[in-house]
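*Asks:* Fold the following.
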Amino acid sequence: MSSAKTRKKLLSIEKRRGLILSKLFEVGRMLRGSYALVYTKCGKDNCWCKDEKGHPHPRITWSEKGRAMTRKVPREHIAWIRKVTDNYRKFRSLRRKLVGLEYETKKLLDILENDMIEKTRKGKSFLEINLQNRR
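*Replies:* Sure thing, here's the model as predicted:
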């Protein structure tokens, strides 16, 4: 790949990186974890839940310092919990994209570096390396 092509790709990655970073900064408040509606049966003989899935309970689950944590979410906070956990997933997704771009950038910089070194050596016989005659 030519140096010009490599530079063009690097500039393109930087533009994408900038866009991802601006989206990342817009995420706002977030909480690690996931929201779910779990069902439990109360065990009372005359309760409707005996024949159904059970009573619904909104929960948030996350891990902290290697331990799983679960808490009941009050009904008035369900929408908020959904929003902040969705924000966390969005943040993590954008972060993964950034890491991918960093990996791609490193590969392109390696290519650019090698190409620039080769061009610098060209025409300087004392810097040329012939690997076939080496023992």
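
*Asks:* Longest strand in this structure, by number of residues?
*Replies:* Using DSSP state E to define each element, the chain has its longest strand at strand 55-64.

*Asks:* For that one, list every residue counted as buried.
*Replies:* Neighbour counts using 16 or more other C-beta atoms under 10 Å place Pro58, Arg59, Ile60 of strand 55-64 among the buried residues. To be clear about C-beta, it is placed using only N, CA and C from the backbone, and glycine gets the same treatment.

*Asks:* try stretch 121-129
*Replies:* In stretch 121-129, counting by 16+ other C-beta under 10 Å, buried: nothing.

*Asks:* So which other helices or strands are in contact with the lengthiest helix in the chain?
*Replies:* In the chain, assigned by DSSP state H, the helix with the most residues is helix 78-121. Applying 3 or more C-beta pairs under 8 Å, 6 or more residues apart in numbering; DSSP states H and E, we find helix 78-121 packed against helix 3-25, strand 34-40, strand 55-64.

*Asks:* Tell me how far stretch 41-51 lies from the chain's centre.
*Replies:* Stretch 41-51 sits 43 Å away from the centroid of its parent chain (C-alpha atoms, centre = their mean, to the nearest Å).

*Asks:* Contacts for the longest strand of the chain, please.
*Replies:* For strand 55-64, contacts defined as C-beta atoms under 8 Å, 6 or more residues apart in numbering pick out 31-42, 49, 68-73, 75, 78, 81, 85.

*Asks:* Apply 7 Å and report the result again.
*Replies:* 32-40, 42, 49, 68-73, 78, 81, 85 (C-beta atoms under 7 Å, 6 or more residues apart in numbering).
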